[in-house]
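**Q** Here's a sequence, model it:
(2 chains)
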Amino acid sequence: MLKLENVVWQLPDGEGILNGVDLTVPEGKLVVITGPNGGGKTTLAKIIAGLETPTSGKILFDGEDITGKNITERANMGISYAFQQPVRFKGLSVRDLIGLAAGGELGEDECCTILSKVGLCAREYIDRDVDASLSGGEIKRIEIASVLARGTHLSIFDEPEAGIDLWSFSSLIKVFKELKEKLSGTLLIISHQERILDIADEIVVVADGKVEAHGPKDEILPNLFASGGCSGCCPAVNP
Amino acid sequence: MNEITKQLLGAITDREEGFTGAYNIRVDGGCADRQSTEHILITSMTDKPGMEVRVVPGTKGETVYIPACVTHGNVDDLVYNDFYIGEDCDVTVVAGCGVHNEEESAARHNGIHRFFLAKGAKVLYLEKHIGTGVGAGQRVIDPVTEVDLAEEAVLTMDTTQLGGVDRTRRVTTGKLAARARLIIRERLMTDGEEWAKTDFDVELNGEDSGVDLVSRSVAKGNSHQEYRSRICGNAPCTGHSECDAIIVGNATVSAAPELEANHGDAELIHEAAIGKIAGEQILKLRTLGLTEEEAEAKIIAGFLK
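**A** Numbers count the residues shown, from 1 in each chain, chains lettered A, B, ... in the order given. Now for the predicted structure:
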């Protein structure tokens, strides 16, 4: 359902962040992208969602070339993106944001169904602004909820575990497991977390702006940890 | 009452039907209608244009409406309104002004409101200003609000001006006795060639008095805004002011917050931010399917709600 062909993305000074990514993400699977920091994972996610435009290469979504489509067009075609560092808004409430995501105003019951999936009580949160008054963990969960509310064909989560405490993390794993079982769509999760890697159908290892390995979890995961969890990038770990 | 007046009154007070309870309707410099109640007495001033509103001690849950309208050009309306709120009252005052101008000469309303709250009195003061009409003559509103709070009195002021007023100079001052609180929420939007200046000056004179002042504004087009606030702590007290402005287009904004602590236990804070809408905010809403224009409108509407 998603195919990247030789995608390159360079900084203005010519430094390559993505150096020719070829990737095929199958329909209805939970695919986890992992790899060392600075390897290009977040850039890859942003390129799929349209937040960055590739220097060269092609992106196909459900058979259609979306390389030239902007963020709004891709969102309306069925691509969602949960930011690694959620954006704060003065004056937009949790109910406003979840409503915008769902495409219409939501009642308390509907908000409750969505927010409870990320471990938040709707009554406590729906009228609060998505601003600096929320903790890092709270806003991260609301960010994930905004993607769940959309229920799109492809949902991308950029390090959903970042900033979330241990207790909430367990419920988050449950959410992804449920999504995997119920959704007809595809989940693309960027993560370093072993518990997220463990529920993947497929794992993609991205390092130095390229796909270093891609395959079923059972095939990739043992090698990943055999190499010190660093996919061979760190000479100190893998001399 | 003509259609323009009805529309202005509806927009200022959010009331579609006529007024009940205590009210005074001012149109083009004169009193169009007035009603007092058992607890709220409205009388004309004898030495200058305006009125006195006296609320008897202990009055709770009542609302007094005092909207003012200017419906055409070549009007310069100056009015003095004094409010004496008795001990332990809990009342709402709905003020505000609408100026409509289809002519070449200016239409101006200058309302000078003085509030005297007795011990323990509470007032919710709602003030909305609008300008309408397409005449070349300017629509000008220059409100002055002076607040004098006795011990434990609380005044919450919610003031809004969301467009159509060519020039405005808004001056608000406060003097607070012990344990009194002043809460101000200002929302302001200018566009085109409009000009707005807002000026707050609050003196915290009594022990444990406090002020919380939040001003949010959006400046669009070629408009210009100036914000100035001064909070002066003369006793153990708390003062917080926050000034946030979003700039769209070629608009300009200047902010000059001032804090003055004249007592070692005065705790005063100011926060200020001026700038365009954060690009990340637009991106986030676009990932939810909104266009850039829709995202911008949503962010501004939320910011000024």
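
**Q** Please work out the average pLDDT along the helix or strand encompassing B:K284.
**A** Per DSSP states H and E: B:K284 is located in helix B:279-287. For helix B:279-287, mean pLDDT is 96.

**Q** same deal with stretch A:162-174?
**A** In this model, stretch A:162-174 carries a mean pLDDT of 79.

**Q** Pull out the buried positions in that stretch.
**A** A:A162, A:G163, A:I164, A:S168, A:F169, A:L172, A:I173 (16 or more other Cβ atoms under 10 Å in any protein chain shown). From N, CA and C alone the C-beta is placed, and that goes for glycine too.

**Q** can I get those in CSV with distance to A:G20 and secondary structure?
**A** What follows is the buried residues of stretch A:162-174, written out as CSV (distance: Cβ to Cβ, whole Å; DSSP: H, G, I helix; E, B strand; the rest coil):
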residue, distance to A:G20, secondary structure
A:A162, 27, coil
A:G163, 32, coil
A:I164, 33, coil
A:S168, 37, helix
A:F169, 34, helix
A:L172, 33, helix
A:I173, 33, helix
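
**Q** what's the closest of the residues you listed to B:D265?
**A** Taking Cβ to Cβ as the measure, B:D265 sits nearest to A:G163 out of these, at 36.9 Å.

**Q** just checking, what packs against the helix holding B:K284?
**A** Packing partners of helix B:279-287 (3 or more Cβ pairs under 8 Å, 6 or more residues apart in numbering or on different chains; DSSP states H and E): helix A:71-77, helix B:292-303.

**Q** shaky segments in chain A?
**A** Confidence mapping of chain A against pLDDT under 70 gives the ranges A:183-184, A:226-239.

**Q** those strands in it, which residues are they?
**A** Taking DSSP state E as the test, the strands found in chain A are A:2-10, A:16-25, A:30-34, A:56-61, A:64-65, A:79-82, A:154-158, A:186-190, A:202-207, A:210-216.

**Q** Return the residues in contact with the residue most central in space within chain B.
**A** Here the mean C-alpha position of chain B is nearest to the C-alpha of B:T159 (Cα atoms, centre = their mean), at a distance of 2.9 Å. Going by Cβ atoms under 8 Å, 6 or more residues apart in numbering or on different chains, B:T159 touches B:Y125, B:E127, B:K128, B:H129, B:P143, B:R170, B:T172, B:I184, B:R185, B:E186, B:R187.

**Q** Mark which of these are buried, thanks.
**A** Burial by neighbour count, 16+ other Cβ under 10 Å: within the contacts of B:T159 this picks out B:Y125, B:E127, B:K128, B:H129, B:P143, B:R170, B:T172, B:I184, B:E186, B:R187.

**Q** next one: phi and psi at the third one?
**A** Spelled out, it's B:K128. phi -120, psi 130 (degrees, to the nearest 10).

**Q** so what's it scoring on pLDDT?
**A** pLDDT, B:K128: 95.

**Q** residue of chain B with the smallest distance to chain A?
**A** B:G302 (3.5 Å; Cβ to the nearest Cβ).

**Q** So for that residue, what's the nearest residue that isn't a sequence neighbour?
**A** What sits nearest to B:G302 in space, not counting adjacent residues and going by Cβ to Cβ, 6 or more residues apart in numbering or on different chains, is A:G91, at 3.5 Å.

**Q** In this structure the one you found contacts B:K298, no?
**A** No. A:G91 is beyond contact range of B:K298, at 9.6 Å (criterion: Cβ atoms under 8 Å).

**Q** Show me what from the stretch 101-250 of chain B comes close to chain A.
**A** Residues of the stretch 101-250 of chain B lying near chain A by Cβ under 8 Å from any Cβ of the partner chain: B:R216, B:D244.

**Q** what about 7 Å?
**A** B:D244 (Cβ under 7 Å from any Cβ of the partner chain).

**Q** And the strands in the stretch 101-250 of chain B?
**A** Here the stretch 101-250 of chain B has its strands, by DSSP state E, counting those that start in this stretch, at B:107-117, B:122-132, B:139-141, B:144-149, B:154-161, B:167-176, B:181-190, B:195-204, B:209-219, B:224-233, B:237-247.

**Q** what about whichever residue of chain A sits closest to chain B, neighbour count?
**A** Closest approach between chain A and chain B, counting by Cβ to the nearest Cβ: A:G91, at 3.5 Å. Residue crowding around A:G91 was assessed by other Cβ atoms under 10 Å in any protein chain shown; the count is 19.

**Q** is it true that it touches B:I300?
**A** No. A:G91 lies out of contact with B:I300 (Cβ atoms under 7 Å); the separation is 8.7 Å.

**Q** before we move on, back to that, for the residue of chain B closest to chain A, list the residues it contacts.
**A** Counting by Cβ atoms under 7 Å, 6 or more residues apart in numbering or on different chains, B:G302 touches A:F89, A:G91, A:L92, A:D96.

**Q** before we move on, what about B:I25?
**A** Applying Cβ under 7 Å, 6+ apart, we find B:I25 in contact with B:L9, B:A32, B:D33, B:P67.

**Q** Name whatever forms a beta bridge with the spatially most central residue of chain A.
**A** Among the residues of chain A, the one closest to the centroid is A:F157, at 1.6 Å (Cα atoms, centre = their mean). When bridges are called by DSSP bridges, A:F157 pairs up with A:A82, A:I189.

**Q** Need the three-state assignment for the nearest residue to B:Y227 once chain neighbours are set aside.
**A** Computed as Cβ to Cβ, 6+ apart, the closest residue to B:Y227 that is not its neighbour in sequence is B:A255, at 4.4 Å. Three-state assignment for B:A255 (DSSP: H, G, I helix; E, B strand; the rest coil): strand.

**Q** ok, residue 104 - how many residues close by?
**A** Reading this off chain A. Quick note: A:G104 (other Cβ under 10 Å) scores 8 neighbours.

**Q** The intended chain is chain B.
**A** By other Cβ under 10 Å, 11 other residues sit near B:E104.
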